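[1] Take this sequence and fold it.
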Amino acid sequence: MADIINLNEQSFDEAISTASGPVLVDFWAPWCGPCKAIAPLLEEIASELDGKAAITKVNVDENSAIAAKFNVRAIPTLILFKGGEQVETIVGMIGKDDLKAKVEAHV
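    Have a look, this model is predicted:
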């Protein structure tokens, strides 16, 4: 089972730039209801795409500089990176199948 990696201001750039496949970053906060709702979907996708894509999380309350860098104004915001570059942004709740398809399109 793949682990979801929690990124912070020290680990973010390296995790994005050195990944061999796509990296999905979930910008979230512990008080956010939709963030809690999407978390189990992300865990399932992380397991299903283990070794093909990385699923990561950034707590916006603890890492506001990263959120500001990517203009995150609402959560959950999911940003997909490939080759260190931002390739897709999803704001708000999304279904598991749709989200998995967006990640798989960049594998």
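[2] List the beta-bridge partners for the most centrally placed residue in the chain.
    Closest residue to the average C-alpha location of the chain: Val25 at 1.7 Å, with C-alpha atoms, centre = their mean. When assigned by DSSP bridges, Val25 has beta-bridge partners Thr56, Ile79.
[3] Report the contact partners of it.
    When contacts are counted by C-beta atoms under 8 Å, 6 or more residues apart in numbering, Val25 touches Leu7, Ile16, Thr56, Lys57, Val58, Leu78, Ile79, Leu80, Phe81. To be clear about C-beta, it is placed using only N, CA and C from the backbone, and glycine gets the same treatment.
[4] Counting neighbours, which of the residues you listed comes out on top?
    Highest neighbour count within these, by other C-beta atoms under 10 Å: Val58, with 27 neighbours.
[5] Quick one, grab the pLDDT at that one.
    pLDDT for Val58: 98.
[6] The one 5 residues further on now?
    Among the per-residue scores, Asn63 holds a pLDDT of 97.
[7] Hmm, it is touching Ser11, no?
    No - using C-beta atoms under 8 Å, Asn63 is not in contact with Ser11; the gap is 9.9 Å.
[8] So for these two, which residue has more residues nearby?
    Asn63 (20 against 14).
[9] give the contact list for the more buried one.
    The neighbours of Asn63, taking C-beta under 8 Å, 6+ apart as the test, are Leu7, Asn8, Glu9, Phe12.
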